[in-house]
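A.B. asks: what shape does this take:
(chains A and B)
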Amino acid sequence: MSQSRIMPGFRPALGFTLFYLGLVVLIPLSTLIFKSLQLGWQDYVNIITHNRVLAAFRVSFVTALVAAAIASFFGFIIAWVFTRYSFTGKKLMDALIDLPFALPTAVAGIVLATIFQPSGILGKFLIDSFNLRIAYTPSGIVVALIFISIPFVVRTVEPVLQEFDSRMEEAASSLGATRLQVFTKIIFPNIFPALLTGFALAFARGVGEYGSVIFIAGNIPYISEIVPLLIVTKLEQYEYAGATAIALTMLVISFALLLFINLLQMWIRKRSGQL
Amino acid sequence: MSILLNNISKNYGTFSALNNINLEIPAGELVALLGPSGCGKTTLLRIIAGLEYADEGRVILNGVDETDQHVSRRGIGFVFQHYALFRHMTVFDNVAFGLRVKHKRDRPSETIIKQKVHDLLNLVQLDWLHNRHPDQLSGGQRQRIALARALAVEPSVLLLDEPFGALDASVRKDLRIWLRNLHSQLHVTSIFVTHDQEEAMEVASQVVVLNKGIIEQQGSPSDIYDHPANAFVSKFIGQTNVFHVDSPSRLWLESTGLRPAMETQIAHVRPHDIEITKAVNESGASAIIEDWQHLGALIRIVLSNNLPHNETNTLVYAEMSNESFKQLELRKGDKVDVRIRQVHWFH
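C.D. replies: Now for the predicted structure:
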């Protein structure tokens, strides 16, 4: 560290970063850990292995993963259309994409619940024609999460698609590749790291989402009850230790998953020589 | 494989990029499409490749009308100015790409692909880099890999879009000679686009000069240099002194004893066609040496006219070898006699 650096200001910048991380992230999180330490190990295990808690974990993570996967697929297509084609109303549609960022999520939840409930416009249609119930089931949670998380995918993939060198596509075509081969062998591998970032953001948002989900999920214990709701319920019953135990567990699992996605991304970049 | 272009036209909105281009390129030639930027040369190359489609006209490759054929089925090799290497693949995978995307029934086995890719990498003298990624290579190396990649599919026509444009001067010089040698080994019909007349003259066996969407002249480099078809070609290929007959600069010509032919407007004189000798008679001398610059083997001399009417003065450039310049022992301000060996008259 004693040798001089080309970029000035390393120490103050790092200092600020650590200060910020400490103030905003680490101190609140360590309080969480501290609080749950008041429980003994056995109590902790008892709380988080309770069937209702385990079911809620399953609902939360499975719906978030499914929603992130679907959002990634559609988000990619939306980003593709926005970068590849020009058409009237594109600017308007572009602005609409960001709406879920600004909308209070509870509003989204209420609206979605209204149209997907059995007497709602879409809900009635789906039940009549496919016998498919969306509202008040885990599928409802997935629908809400897709709505919330699609802009994350679009906004991470879009700039990368925009920057993508279309000469690479032309080169591949001139070498005899079909449209499908150009997509699978040239475009997709170059976009994949960004898509993975979009997926990770969508997933993280989905796991933590509360406002929109509670209105459409029905919140039936063991079936459509999500972890954040369980935490709030515990808090309302003054079970602070129990709430923090669940929160901490959720935090650890989320962190592990996000770390895994980041490592996967790094591995892909390294393998393709982009590091 | 021969290339025949028939009445090719291409418009972008109201801008006419190419206007009725007719061009025939015999098999095995190395042709330069030469012109200033915006003259339509890259558009023409891309139309031959099938990366763009002409509004009118036919593209006939080896007797087969390929006008509506997709680029992937034309059997051409295309090399881009900025290489367009696949950055997520190694050098080896880049070169192997064209072989691996072939339909199952035409695709060679992986051992043959391996052999072929290494052969090509040896041909471009970069086999030792086969495990690297494009980001780890220099510009010159990337361009050679791009060429190897294009050659892998054994194209019948090789098209190069400003292949040396993004490289620095010394690398460019090496690669020009290297490309010429490679072409004499492979004999694949090749067209490259350039805005650098020196590059076109040095590398190509045929030069096609384009300007504002039309072909000004086609011929061998010496044809084009010695017998330019019009004022544009003469000015674009190499340095030239321009005299407008209806301007004061005509006095310059007349002072050296030249009379414009009937109906000609412009005279072009190449700097090396101006011969300078020490003035025999100071008052009758036609020019004064204003300045001179050392260009290596050549000396460029800046001359002004030794006429009584000074407002008619135009600066004229002459070139002579270092050796003869020393023998003349000329200094700034010396009066000299000028003889013009050759003039190109244009309308």
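A.B. asks: so how far is residue B:177 from the residue in the stretch 151-300 of chain B positioned nearest to chain A?
C.D. replies: For the stretch 151-300 of chain B and chain A, the shortest gap (CB to the nearest CB) falls at residue B:153, measuring 5.7 Å. C-beta: built from backbone N, CA, C; applies to glycine. Noted for residue B:153: a distance of 25 Å to residue B:177, by CB to CB, to the nearest Å.
A.B. asks: more neighbours: which of those two?
C.D. replies: With neighbours defined as other CB atoms under 10 Å in any protein chain shown, residue B:153 and residue B:177 compare such that residue B:153 has more, 18 against 11.
A.B. asks: give me the nearest residue to the more buried one, chain neighbours excluded.
C.D. replies: For residue B:153, ignoring the flanking residues on the chain, the nearest one in space by CB to CB, 6 or more residues apart in numbering or on different chains is residue B:98 at 3.9 Å.
A.B. asks: show me where the stretch 1-150 of chain A dips below the pLDDT cut-off.
C.D. replies: A:1-5 (pLDDT under 70).
A.B. asks: which parts of stretch B:222-232 are buried?
C.D. replies: For stretch B:222-232, the neighbour count (16 or more other CB atoms under 10 Å in any protein chain shown) marks B:224, B:225, B:228, B:229, B:230, B:231, B:232 as buried.
A.B. asks: end to end, how far does it reach?
C.D. replies: 16 Å (CA to CA, to the nearest Å).
A.B. asks: residues touching it, excluding its own?
C.D. replies: Residues outside stretch B:222-232 that contact it (CB atoms under 8 Å, 6 or more residues apart in numbering or on different chains): B:201, B:207, B:209, B:211, B:216-217, B:219, B:233-234, B:237-238, B:242, B:266, B:268, B:344, B:346.
A.B. asks: can I have the buried ones of those as a PyMOL selection?
C.D. replies: Only the buried entries of these go into this PyMOL selection, using 16+ other CB under 10 Å:
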select buried, chain B and resi 201+207+209+211+216+217+219+233+234+237+242+266+268+344+346
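A.B. asks: show me what the one helix or strand the residue nearest to residue B:153 maps to is packed against.
C.D. replies: Assigned by DSSP states H and E, residue B:98 falls within helix B:91-100. Using 3 or more CB pairs under 8 Å, 6 or more residues apart in numbering or on different chains; DSSP states H and E as the contact criterion, the elements in contact with helix B:91-100 are helix B:110-123, helix B:139-152.
A.B. asks: so which of those is the most surrounded?
C.D. replies: Comparing the helices and strands packed on helix B:91-100 by mean neighbour count (mean count of other CB atoms under 10 Å in any protein chain shown), helix B:139-152 ranks first with a mean of 23.
A.B. asks: after it comes which helix or strand?
C.D. replies: Counting by DSSP H and E, the next helix or strand C-terminal to helix B:139-152 is strand B:157-161.
A.B. asks: so which bits of the stretch 51-200 of chain A are right by chain B?
C.D. replies: Within the stretch 51-200 of chain A, the residues that sit near chain B (CB under 8 Å from any CB of the partner chain) are A:165, A:167-168, A:170-178, A:181, A:185-186, A:189-190.
A.B. asks: pLDDT weak spots in the stretch 201-347 of chain B?
C.D. replies: Ranges of the stretch 201-347 of chain B meeting pLDDT under 70: B:248-249, B:251, B:260-264, B:307-313.
A.B. asks: against residue A:195, how distant is the closest residue to chain A within the stretch 51-200 of chain B?
C.D. replies: In the stretch 51-200 of chain B, the residue that lies nearest chain A is residue B:133 (2.7 Å; CB to the nearest CB). To residue A:195, residue B:133 is 21 Å away according to CB to CB.
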